[in-house]
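Asks: Just need the structure, nothing else, for what follows:
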Amino acid sequence: MFNDDQAFKNDYNAGHCIDCGSALCRVRRSDPVAIDENKIKAFWNSMIMKSASTDSVDSGRPDHPPFNWPEKPHVKLAPTGADRQLSELESTMQDMVHSFAEKVMRPIGIALDKMTPDEVIAPGSPYWTYLEELKKLEITPKTFMDLSPEERGRLFPIVMEEMGWGDGGLSIIYGACSLPPLMALVFNRTFLIERFPDTLRGCWAITEPDHGSDSLDISRQAFHAQGNYGRPNCVATIRGDKVVLNGQKAAWVSNAPTAEVCVLFCSADTGDGADTQHGVCILVPMDAPGVTRGKPLDKIGQRALPQGEVYFDNVELTTDYLVAGPEDYQRAVYLIHAEANSQMACVWTGAARAAYELAFEYAHQRKQGGVPIIRHQAVAARLFHMYRKVEASRALAQRVALHNHTSEIPSLQSAMAAKVTATQTAFEVASEALQVFGGNGLTKEYQIEKILRDARASMIEDGCNDILALKAGFNMIDPDLF
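Replies: Numbers count the residues shown, from 1 in each chain. Sure, this is the predicted structure:
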């Protein structure tokens, strides 16, 4: 019998790829040696015998799985599906945020959805109630940054999924508010941390009227070979210790109509004209002289989320307001894009789950053919496929969040994969859920049509999925394999 574990490992490693462990891999090791199959079998047999030694050997019926299961085994899963065991902190936070999502976010999101954009941000609107209640949660970027990277990577997706379950658009408001203080914290800008408390309403301005997805492709990975970026719509002119902002950002700046601070990404002119690849990330007080806003957009989805233009007319700030200068601009864009896409993945997994749960409950209540419609094969099969998509989306969103929070450099292509998967899942599951509701799903009486509209917007938000797929694909290229 083969009992020398270390000798086995040495023998195993000699014939397997040192990177992936596969005996088939020829990328790193071209001369794998033969493996002694008898040793492998003996090794696993010894492991099985060790495990079996703890089992009961008496003649009675064993008191362990699967013998102690019910005769007809059945599992009723929690709303979050086949989840791992949560820590006390994770379980407490999940319960707290879910209660907030159910009692505050969902009813307010439905109410705001029925209002005009001007009514949403008017005094006395439920929008302001949401923001006040949100502050009471005290879940800020610093809350997460005070945790260990692993704790943060596990807790973050749980919190964001619950918020997405409540309302997608309102979740994006939370995300937009968190980005200015997050960038200040990550880049360790003490002045900005003190100047802009994390209780302020925030927004993120990066896209421009003439540059949508271009603004997120600073490295030009997805740019067409014959393409020309053209003239930027917003430029920061840096002279000495002064930064002067001129131009405008697109109408899609989330939370811009009410924000108190803006994390602005734009081209920079340090003396040789506007450089679109070496710009600046700067925190701008929205009450600074020269800052104005456009009217809030009227949209088909995420109507609870106010979005609009931001204009800059000779807005003068000191360089103290810079989060990242031209030398760090691409790092800042990479960081905020990886963070935002990971947030989106968790939020829209939550929205997909909400759509599934509504359809699941309805299928048990609605009767046709004399039985609840879930008893019909087509409906049961449809619900199963909705369930598996939500499970897959959650697994990827959580896996990416943990990886990116615990890695020295977050994986942007992974964040993009999670975002594309979750938003596509949310739209598909919401569409399938509406089908379960039938004609009722087309009416405003049921929430499912709202989730469908909200989810449709998510596939364009924070980088449209088509461009994200292109950029992520180029990001996956391994130059070592050429």
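
Asks: Please point out which parts of the helix ranked longest in the chain sit buried.
Replies: Longest helix in the chain, counting residues (DSSP state H): helix 329-365. In terms of neighbour count (16 or more other C-beta atoms under 10 Å), helix 329-365 has its buried residues at 329, 332-360, 362-363. C-beta coordinates here come from the backbone N, C-alpha and C atoms, glycine included.

Asks: ok, now stretch 128-144?
Replies: 130-131, 134, 137, 139-141, 143-144.

Asks: Stretch 181-192 now?
Replies: Buried-residue list, stretch 181-192, by 16+ other C-beta under 10 Å: 181-187, 189, 192.

Asks: so residue 270 makes contact with residue 319?
Replies: No - using C-beta atoms under 8 Å, residue 270 is not in contact with residue 319; the gap is 11.3 Å.

Asks: Are there residues contacting both of these two? Which ones?
Replies: Common contacts of residue 270 and residue 319 (C-beta atoms under 8 Å, 6 or more residues apart in numbering): residue 238.

Asks: for residue 114, what are its contacts?
Replies: By C-beta under 8 Å, 6+ apart, the neighbours of residue 114 are residue 444.

Asks: just residue 298 next, same as before
Replies: 116-117 are the contacts of residue 298 under C-beta under 8 Å, 6+ apart.

Asks: and the nearest residue in space to residue 363 that is not next to it in sequence, how many neighbours?
Replies: Leaving aside its sequence neighbours, residue 363 sits nearest to residue 374 (C-beta to C-beta, 6 or more residues apart in numbering; 3.9 Å). Residues near residue 374, counting by other C-beta atoms under 10 Å, number 19.

Asks: where's residue 374 relative to residue 297, distance?
Replies: 39 Å (C-beta to C-beta, to the nearest Å).

Asks: do the same with residue 66
Replies: Counting by C-beta to C-beta, the separation of residue 66 from residue 297 is 56 Å.

Asks: quick one: which of the two has more around it?
Replies: Taking other C-beta under 10 Å, residue 66 and residue 297 do not tie; residue 297 has more neighbours (18 against 7).

Asks: Do I have it right that that one meets residue 253?
Replies: No - assessed by C-beta under 8 Å, residue 297 is found out of contact with residue 253, at 9.7 Å.

Asks: where do the contact lists of the two overlap?
Replies: 307-308.

Asks: tell me the phi and psi of residue 368?
Replies: Main-chain dihedrals, residue 368, degrees, to the nearest 10: phi -150, psi 150.

Asks: i'd like the first residue to be 278 from this point on
Replies: Yes, from this point I'll number from 278; that puts the last item at residue 645.

Asks: isn't it right next to residue 653, touching?
Replies: Yes - between residue 645 and residue 653 there is a contact under C-beta under 8 Å: 7.3 Å.

Asks: which one of these two has more residues nearby?
Replies: residue 653 (14 against 11).

Asks: which non-adjacent residue is nearest that one?
Replies: Nearest to residue 653 is residue 646, by C-beta to C-beta, 6+ apart, at 6.8 Å.

Asks: what about that neighbour, how many neighbours?
Replies: The local packing of residue 646 (other C-beta under 10 Å) involves 8 other residues.

Asks: Now do the same contact list for residue 531.
Replies: Residue 531 touches 449-450, 452-453, 480-481, 582-584, counting by C-beta under 8 Å, 6+ apart.

Asks: Check which helices and strands the host helix or strand of residue 732 is in contact with.
Replies: Using DSSP states H and E, residue 732 sits in helix 725-735. Here helix 725-735 touches helix 383-390, helix 445-463, helix 606-642, helix 689-714, going by 3 or more C-beta pairs under 8 Å, 6 or more residues apart in numbering; DSSP states H and E.

Asks: Past that helix, which element shows up next along the chain?
Replies: Taking DSSP H and E, what comes next after helix 725-735 is helix 742-752.

Asks: what packs against that next one?
Replies: For helix 742-752, the contact count by 3+ C-beta pairs under 8 Å, 6+ apart identifies helix 689-714 as packing neighbours.

Asks: Can you mark which positions in the helix it packs on are buried?
Replies: 689-711, 713-714.

Asks: by how many degrees do that helix and helix 725-735 diverge?
Replies: For helix 689-714 against helix 725-735, the angle by axes from the mean of the first three to the mean of the last three C-alpha atoms, to 10 degrees is 160 degrees.

Asks: Between helix 742-752 and helix 689-714, find me the angle.
Replies: In terms of direction (the same axes, to 10 degrees), helix 689-714 departs from helix 742-752 by 150 degrees.

Asks: which residues are contacting stretch 655-662?
Replies: Residues from elsewhere that reach stretch 655-662 (C-beta under 8 Å, 6+ apart): 633, 636-637, 640, 650-651, 709, 712-713.

Asks: So which of those residues is the closest to residue 387?
Replies: residue 636 (17.3 Å; C-beta to C-beta).

Asks: I'd assumed residue 709 was in contact with the closest one.
Replies: Yes - using C-beta under 8 Å, residue 636 is in contact with residue 709, at 7.2 Å.

Asks: overlap in contacts of those two?
Replies: With C-beta under 8 Å, 6+ apart as the test, residue 636 and residue 709 both reach residue 663.

Asks: can you give me the strands in the stretch 378-527 of the chain?
Replies: Listed in chain order, the strands of the stretch 378-527 of the chain (DSSP state E, counting those that start in this stretch) span 479-482, 511-516, 519-531.

Asks: residues touching residue 693, list them.
Replies: Neighbouring residues of residue 693 by C-beta under 8 Å, 6+ apart: 618, 740, 745-746, 748-749, 752.

Asks: same check, this time on residue 752
Replies: Going by C-beta under 8 Å, 6+ apart, residue 752 touches 498, 689-690, 693.

Asks: Who are the contact partners of the closest residue to residue 561 other than its chain neighbours?
Replies: Computed as C-beta to C-beta, 6+ apart, the closest residue to residue 561 that is not its neighbour in sequence is residue 539, at 4.5 Å. Residue 539 is in contact with 457, 479-482, 530, 533, 560-561, 563, 568, 587, counting by C-beta under 8 Å, 6+ apart.
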